[in-house]
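Participant: Could you work out the structure for the sequence below:
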Amino acid sequence: MTAVLLVDDRRQNLVALEAILEPLGHELVSVLSGQEALRTLLQREDFAAILLDVQMPGLDGFETATLIKQRERTRDIPIVFLTAISKERQHVFRGYEVGAVDYVFKPFQPEILRSKVAVLVDLHVKTEQLRQQAELLALQGMAELRRESAARYRQLADAMPQIVWTADVRGRPTYFNRGFIEYTGLSARERGADVWQHLVHPEDREDMLSRQRRALESVEVFEAEYRIRAADGSYRWHLGRAVPMANPDGGAEFWIGTATDIHDRKRIEEGQGFLLDAGVELLRTLDVEVALREVANLAVPVLCDACEFDLEDTSLSEDELTPERIRVALVSYGRTLGSFTLRAEEGRHFDETDLDLARALAQRGALAVESARLYTEAERRARASRALETIADGVVLLDREGCVLLWNVAAERITGLAAADVVGRRASEAIPGYARFAERVPADGSRPETVPIEHEGRELWLSFSAVEFDEGTVYTFRDLTEERALEQLRSNLVATVSHELRTPLAAIYGAAVTVRRPDIDVGAEMSDRLLEIIEAESNRLVEIVNDLLLASHLDSGRLQLAIDTVDARALTTSVVEAARTHLPEGITLTLASARKLPPVQADEQQLRQVLVNLVDNAVKYSPEGGPVTVTVGESEDYVLWTVSDQGLGIPPAERRRVFEKFYRLDPNMTRGIGGTGLGLYICRELVSRHDGRIWVEANNGRGSKFCVEIPVATTTVPARQSVTSV
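Facilitator: Purely as a prediction, here's the structure:
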């Protein structure tokens with residue numbers, strides 16, 4: 001039924017309009033305001049005409065008409081203005097400007113109004129019929145177009161290399177293209193509603209069906225990767241995608257889907273991922289067999305159904321490929337280190353892509369094997385290098401051109417040459433005396449050669465051995481400087497002791513022979529003199545032997561000290577008085593001591609030995625006579641002795657050596673001064689064992705002054721009374 005909208009702010013006017021138009025038999029919808037008219041038009045849009053009063057509160061007729069014409073769905077509804085107030089031309093023109101088709105003034109003739117509305121309704125009905133006829137023609141054309149499009153679509157789908165299919169709104173297949181039929185080999189009877197459940201790989205099936213259910217429920221694009229079984233029973237990876245074809249209600253009218261073969265790409269991606277994982281496993285441990293077993297586990301089932309490694313198989317010259325097996329060699333730097341074999345079971349067939357992945361894996365496996373072997377070799381060399389760094393012998397490695405490749409820690413310590421200053425340079429330039437020992441040392445390791453080398457004012461005696469090999473020459477050397485010095489000392493000792501012993505022995509022998517000669521009457525006085533010589537020289541022999549024994553005990557650590565509190569002044573006095581009994585002519589011996597001295601903590605006998613040696617040396621090295629002074633006093637926590645003379649003195653350069661074993665200031669006795677060279681050495685060792693200190697100074701330009709400090713005892717003893725100087 002056709003509807004007419006009546007708009008007036010007065011109810012009686014609406015009743016009058018309804019009475020006038022009722023004979024037409026149309027649906028009449030009455031509203032009391034412009035706002036209510038707009039709300040009604042939002043709810044329905046099938047009105048044949050609108051009768052609109054001009055004068056209304058709120059929205060008047062002109063404003064209401066303007067808003068109706070602005071809306072696309074209501075702009076074509078004819079509007080007739082009704083008014084009883086303004087008949088001026090400008091108001092009439094305004095009505096036509098806002099879209100009115102007629103302007104009727106009140107009071108109006110019912111027959112005229114009814115006739116005008118009837119014409120508008122009849123026009124609306126004819127227009128609607130024409131629209132429906134046009135839509136019907138369009139639908140018929142669309143159906144024909146769809147039939148033609150469907151035929152073209154099927155032809156296009158059959159020509160595509162992809163699998164193409166359609167399905168109804170419930171996902172049941174309605175069409176498969178030629179690509180699907182050729183790939184799967186399924187007959188029309190076998191292409192049922194559950195065809196995908198039979199074609200998709202069991203491992204991928206549940207995920208694919210789950211994604212399909214969600215797409216059907218949400219009417220969204222379906223997409224998934226899964227393996228589809230081919231006619232020969234093998235599976236290949238495909239990217240499945242389905243798009244819903246929407247109906248006018250927004251739902252899916254049907255689905256169009258494709259399945260694109262991505263097997264090669266998928267295999268490459270899986271292979272790359274596998275190679276990454278395999279690389280991690282091969283780097284995780286240096287145990288190659290463990291690493292290869294882990295890689296074999298990773299290869300199943302990504303690459304194969306079984307994988308075997310054989311590090312003993314070095315016979316493979318070319319890689320082997322069959323549909324069921326791949327065998328490739330592990331090759332590094334042209335050497336075959338082993339092989340591995342991939343095997344396939346039913347449903348899997350190897351191709352060139354699999355062979356490429358297997359070769360890439362073999363390269364990584366070969367690299368791991370080679371790295372492990374290199375690491376083992378490097379570790380062996382590192383252990384050898386660490387051993388070279390810790391051994392006491394110097395080691396030098398030269399290449400074929402004579403450049404230094406290795407200079408170990410012992411070589412640095414022995415020579416004083418830092419490795420940074422030697423390594424990388426020619427040995428002839430960096431190593432002092434290289435030319436000398438390179439000529440003298442045989443390069444076959446047969447025998448060592450001891451060679452003296454001068455470096456920064458030092459003379460080093462080094463024992464060299466050399467071994468030549470393919471890459472160069474290895475020299476090892478040992479520092480024999482101290483051994484040679486000791487040997488020289490031993491030689492000097494033998495010579496010195498022989499001389500020192502020969503002199504008193506000769507005097508004793510001569511005196512004894514003279515006393516016993518029957519042909520000479522020596523007389524009582526001469527006999528006593530000869531006996532005195534025998535006694536004195538015998539005492540001298542005893543002193544030499546005692547010095548040798550004491551030095552031996554000091555060297556071996558067998559000397560035991562009896563530490564006690566010792567009266568320093570009394571001890572010094574007794575030493576000086578004993579020395580005065582046999583002073584040579586021209587020598588004076590004086591003692592200067594404080595009246596009160598603290599006792600020292602010492603072995604009295606050994607401390608006496610020190611003082612006796614110092615006094616004897618002062619007398620001995622004053623061959624032309626002169627004063628010898630012994631001074632004793634207190635210095636903080638020590639008692640200080642000084643023994644000074646005005647004799648030969650000691651050159652500054654020799655002062656640090658006078659306390660060395662067997663050192664003598666006049667070794668050739670050009671001035672008639674003998675001795676074993678042990679006295680000052682014994683003094684130094686004894687003072688050191690008393691936690692004291694001994695040194696030598698110049699004595700105001702003439703002679704020498706020896707100083708000794710011994711710690712004060714923690715307990716005191718009464719000091720003996722004596723004079724300050726004697």
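
Participant: Show me where the stretch 401-550 of the chain has its strands.
Facilitator: 404-407, 449-455, 458-469, 472-479 (DSSP state E, counting those that start in this stretch).

Participant: which of those has the lowest average pLDDT?
Facilitator: Mean pLDDT is lowest for strand 449-455 out of these, coming in at a mean of 76.

Participant: Partner strands of that strand, with direction?
Facilitator: Strand 449-455 has the following sheet partners, assigned by DSSP bridges: strand 458-469 (antiparallel).

Participant: relative orientation of the strand it pairs with and strand 472-479 in degrees?
Facilitator: Strand 458-469 runs at 150 degrees relative to strand 472-479, counting by axes from the mean of the first three to the mean of the last three CA atoms, to 10 degrees.

Participant: Check the offset of strand 458-469 from the chain's centre.
Facilitator: With CA atoms, centre = their mean, to the nearest Å as the basis, strand 458-469 stands 41 Å off its chain's centre.

Participant: which outside residues touch that strand?
Facilitator: Applying CB atoms under 8 Å, 6 or more residues apart in numbering, the contact partners of strand 458-469 are 394, 414-416, 437, 440-445, 447-454, 473-481, 483-484. For glycine as for every other residue, the C-beta is placed from the backbone atoms N, C-alpha and C.

Participant: ok, back up a step: which of the strands of the stretch 401-550 of the chain sits closest to N699?
Facilitator: Comparing the strands of the stretch 401-550 of the chain by their distance to N699 (CB to CB), the top pick is strand 458-469, with 31.1 Å.

Participant: Return that closest one as CSV; C-alpha atoms alone will do.
Facilitator: In CSV, the C-alpha atoms belonging to strand 458-469 read as follows (Å, rounded to 0.1, in the frame of the first residue of the first chain):
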residue,chain,number,x,y,z
ARG,A,458,127.9,-8.2,31.8
GLU,A,459,129.7,-11.3,30.8
LEU,A,460,127.3,-14.2,30.4
TRP,A,461,128.4,-17.8,30.0
LEU,A,462,125.7,-19.7,28.1
SER,A,463,125.6,-23.3,27.2
PHE,A,464,123.9,-23.6,23.8
SER,A,465,122.2,-26.6,22.0
ALA,A,466,120.6,-26.4,18.6
VAL,A,467,118.2,-28.5,16.5
GLU,A,468,117.3,-27.7,12.9
PHE,A,469,113.9,-28.7,11.5
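
Participant: Show me which residues of it are buried.
Facilitator: Of the residues in strand 458-469, those buried by neighbour count under the rule 16 or more other CB atoms under 10 Å are L460, W461, L462, S463, F464, S465, A466.

Participant: which of the contacts of strand 458-469 count as buried?
Facilitator: Judged by neighbour count, with 16+ other CB under 10 Å as the criterion, the buried members of the contacts of strand 458-469 are 394, 414-415, 437, 441, 448-451, 453, 473-481, 484.

Participant: give me the low-pLDDT residue ranges for the stretch 201-350 of the chain?
Facilitator: Within the stretch 201-350 of the chain, the ranges that satisfy pLDDT under 70 run 347.

Participant: now the strands for it?
Facilitator: All strands of the stretch 201-350 of the chain, identified by DSSP E, counting those that start in this stretch, fall at 222-229, 235-246, 252-261, 306-310, 320-322, 325-332, 335-343.

Participant: Would you format those as CSV with mean neighbour count and distance to I563 included?
Facilitator: CSV is the format used below for these (neighbours: other CB atoms under 10 Å; distance: least, CB to CB, whole Å):
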stretch, mean neighbour count, distance to I563
strand 222-229, 19, 95
strand 235-246, 18, 96
strand 252-261, 18, 102
strand 306-310, 17, 76
strand 320-322, 13, 90
strand 325-332, 21, 74
strand 335-343, 19, 74
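
Participant: Indicate which one of those strands is closest to G99.
Facilitator: G99 lies closest to strand 235-246 among those, at 36.0 Å (CB to CB).

Participant: can you list the residues that contact the closest one?
Facilitator: 163, 167, 201, 208, 212, 215, 219-230, 252-263, 265-267, 347.

Participant: any idea where the helices of the stretch 351-500 of the chain begin and end?
Facilitator: If DSSP state H, counting those that start in this stretch is used as the criterion, the helices of the stretch 351-500 of the chain fall at 352-390, 409-415, 427-430, 434-440, 481-516.

Participant: Go through these and find the least confident stretch.
Facilitator: Of all the helices of the stretch 351-500 of the chain, the segment with the smallest mean pLDDT is helix 481-516, scoring a mean of 67.

Participant: Is the nearest residue to I163 once chain neighbours are set aside bridged to anything, and to what?
Facilitator: Counting by CB to CB, 6 or more residues apart in numbering, I163 lies nearest to A259, which is 3.8 Å off, once chain neighbours are set aside. In this structure, A259 has the following beta-bridge partners (DSSP bridges): I163, G240.

Participant: Check L397 too.
Facilitator: Going by DSSP bridges, L397 is paired in beta bridges with L406, V474.

Participant: who are the neighbours in contact with it?
Facilitator: Contact partners of L397, counting by CB under 8 Å, 6+ apart, are V404, L405, L406, G472, T473, V474, Y475.

Participant: quick one: the first one from R440, how far?
Facilitator: Which is V404. Distance from V404 to R440, counting by CB to CB, to the nearest Å: 19 Å.

Participant: Looking at G433 now. What's its pLDDT?
Facilitator: Here, the pLDDT recorded for G433 equals 79.

Participant: Surely it is in contact with R440?
Facilitator: No: here G433 lies out of contact with R440, judged by CB atoms under 8 Å, at a distance of 10.3 Å.

Participant: Residues that sit against both of those two, list them.
Facilitator: When CB under 8 Å, 6+ apart defines a contact, the residues bordering G433 and R440 alike are V451.

Participant: Contacts for the strand or helix carrying A570, please.
Facilitator: Here A570 sits within helix 568-580, counting by DSSP states H and E. Applying CB under 8 Å, 6+ apart, the set of residues contacting helix 568-580 from outside is 589, 591, 593-594, 597-600, 604, 607-608, 611-612, 615-616, 619, 630, 632, 639, 641, 710, 719-720, 722, 726.

Participant: Could I get the average pLDDT for the following helix or strand past it?
Facilitator: Read in the C-terminal direction, the helix or strand following helix 568-580 is strand 587-593, with elements assigned using DSSP H and E. Across strand 587-593, the average pLDDT comes to 92.

Participant: Going by residue numbers, what spans are strands in the stretch 51-200 of the chain?
Facilitator: With DSSP E, counting those that start in this stretch, the ranges of strands along the stretch 51-200 of the chain come out as 79-83, 100-105, 163-167, 173-176.

Participant: Quick check: buried residues in stretch 644-658?
Facilitator: For stretch 644-658, a neighbour-count test (16+ other CB under 10 Å) marks S644, D645, Q646, G647, L648, G649, I650, V658 as buried.
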